[in-house]
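S.K.: Fold the following for me, if possible:
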Amino acid sequence: MAGLAAQTSKEGFKEKIIKISQLVDEGNSLSVAFHYYPDVFSAFYVSLVKTGEASGKISESFYYLADHLEREHDIESQIRGAMIYPIFVISVLLVVITIVMFVVMPRISELIKETATNPPIFTVMMLNFYDFLSHYGWIVVLSFFAMAGFIIYYFKTEKGRQVYDKFSLTLPIVGGFFKKIFLIRFTENLSTLISAGLSINSALKITKDTIDNYIYKQIVSETEEGVSEGEKISSVLVKHQEYVPPFVVQMVEVGEQTGKLDKNLMEVVNFYQKEVKREVDTFIAMLEPILIIFLGAVVALLAISVLSPLYGALGTI
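M.R.: Modelled structure (predicted):
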């Protein structure tokens, strides 16, 4: 533990490692020590370590955790990587529009008044928009922040979270992507816990707490209740084919019949991870030319709006 603390650069995490080491030295088990820090070690981690301690295979439990973290990191990295480029392009576009609206347009407006030229329609639209922002911009900004604050507050409520979770799964294109992400987390967590030696009931109960989507949390909760009453996992999942594809149900059913549920669940994980990576790569490949065309069109529009009145003014000289 002292070696791990020395290798950690974050002071807060280093202090927690030292305190965990002290708890273990005082006679507490590692799982109990982890339990004191739920913000770092979730019930998923604690349960795996506790199972490893009971079976005498704690090293294997840590192996499962390392494998789990690596897969989670891969998924998050793919999602973040897909968002970097569009965020950068949109940020640049907003900066360009802000400079044109609040630096260039006031001077263009003065030039048009001095030369009495008739500006093109695009320039008129930009000038009208500038005048609107000059007089009512503060109302727009306040309204935007008020609306954003209300939306954030509403989605943090239980009802709002449920609405968001359900709505996000029905969105075109991205809805299917989100479903695959949650299916990966469900099957991967369940497989890891079963492989570590937990009972299916306990594994389902812990997996339910690791999923942050209301719909899938309800499905797992219903599955847990069904298994407690003697049903099979597949017989419960088949009732939710809108969110759990037949492929997943069939893999689970085969795993239950052959006694290799954990391995079949991991096959589902591997399949959907490849699907997610392929979709992210396709999304990035399609997004780049679309954003370039969009950015070029906006810049061209701004250029026409700015340069046309300048040429008109030069023609009057």
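S.K.: how close does the closest residue to Ile184 other than its chain neighbours get to Met101?
M.R.: Computed as CB to CB, 6 or more residues apart in numbering, the closest residue to Ile184 that is not its neighbour in sequence is Tyr272, at 4.9 Å. Using the backbone N, CA and C atoms, a C-beta is placed for each residue, glycine as well. Distance of Tyr272 to Met101, given as CB to CB, to the nearest Å: 45 Å.
S.K.: helices and strands of this structure: which one has the lowest mean pLDDT?
M.R.: helix 2-7 (a mean of 62; mean pLDDT, DSSP states H and E).
S.K.: just checking, next helix/strand downstream of that helix?
M.R.: helix 11-25 (DSSP states H and E).
S.K.: Report all helices and strands that that following helix contacts.
M.R.: Helices and strands touching helix 11-25, by 3 or more CB pairs under 8 Å, 6 or more residues apart in numbering; DSSP states H and E, are helix 2-7, helix 30-35.
S.K.: got the buried residues for it?
M.R.: Lys16, Ile17, Ile20, Ser21, Leu23 (16 or more other CB atoms under 10 Å).
S.K.: How about stretch 74-86?
M.R.: Ile75, Gln78, Ala82.
S.K.: Repeat that for stretch 160-173.
M.R.: Applying a neighbour-count criterion of 16+ other CB under 10 Å, one finds Gln162, Tyr164, Asp165, Ser168, Leu169 buried in stretch 160-173.
S.K.: for Ile304, helix, strand, or coil?
M.R.: helix (DSSP: H, G, I helix; E, B strand; the rest coil).
S.K.: so what pLDDT did it get?
M.R.: For Ile304, the model assigns a pLDDT of 76.
S.K.: now it: how far from Phe132?
M.R.: From Ile304 to Phe132 the distance is 20 Å (CB to CB).
S.K.: Could you do Trp138 as well?
M.R.: Relative to Phe132, Trp138 is positioned 12 Å away (CB to CB).
S.K.: got it, and Thr123?
M.R.: 15 Å.
S.K.: Equivalent analysis for Lys263, please.
M.R.: 63 Å.
S.K.: And the pLDDT for Gln218?
M.R.: pLDDT, Gln218: 91.
S.K.: ok, now which ones touch it?
M.R.: Counting by CB atoms under 8 Å, 6 or more residues apart in numbering, Gln218 touches no other residue.
S.K.: residues in contact with Ile233?
M.R.: Counting by CB under 8 Å, 6+ apart, the residues that Ile233 touches are Ile200, Leu204, Thr223, Gly226, Val227, Val252, Glu256, Leu261.
S.K.: which residue sits closest to the last one in space, ignoring its chain neighbours?
M.R.: What it means is Leu261. Gly255 (3.6 Å).
S.K.: List the residue ranges of this structure that fall below the pLDDT cut-off.
M.R.: 1-9, 55, 112-117, 308-317 (pLDDT under 70).
S.K.: need the helices for it, in chain order.
M.R.: 2-7, 11-25, 30-35, 43-55, 58-99, 105-115, 121-156, 158-170, 174-195, 200-210, 214-228, 233-237, 246-258, 261-315 (DSSP state H).
S.K.: Report the inter-axis angle for the fifth one versus helix 174-195.
M.R.: Translated: helix 58-99. 160 degrees (axes from the mean of the first three to the mean of the last three CA atoms, to 10 degrees).
S.K.: just how off-centre is helix 58-99 within its chain?
M.R.: Here helix 58-99 is found 8 Å from its chain centre; the criterion is CA atoms, centre = their mean, to the nearest Å.
S.K.: Tell me the helices and strands packed up against that helix.
M.R.: Contacts defined by 3+ CB pairs under 8 Å, 6+ apart place helix 58-99 against helix 43-55, helix 174-195, helix 261-315.
S.K.: List the residues that contact Gln241.
M.R.: With CB under 8 Å, 6+ apart, Gln241 has these contacts: Val249.
S.K.: can you do 10 Å?
M.R.: Val248, Val249 (CB atoms under 10 Å, 6 or more residues apart in numbering).
S.K.: same check, this time on Lys277
M.R.: Contacts of Lys277 by CB under 10 Å, 6+ apart are Asp74, Ile75, Gln78.
S.K.: how far away is it from Lys180?
M.R.: 11 Å.
S.K.: any shared contact partners between these two?
M.R.: Shared contacts of Lys277 and Lys180, counting by CB under 10 Å, 6+ apart, come down to Ile75.
S.K.: How many residues are close by Val140?
M.R.: Neighbour count of Val140, defined by other CB atoms under 10 Å: 11.
S.K.: Burial check on the nearest residue to it once chain neighbours are set aside, number of neighbours?
M.R.: Closest residue to Val140 apart from its sequence neighbours, by CB to CB, 6+ apart: Leu133 at 7.0 Å. Using other CB under 10 Å, Leu133 has 16 other residues around it.
S.K.: Ok, the one 10 residues further on next?
M.R.: Counted by other CB under 10 Å, the residues lying close to Ser143 total 11.
S.K.: can you check Gly226 too?
M.R.: Gly226: 17 surrounding residues under other CB under 10 Å.
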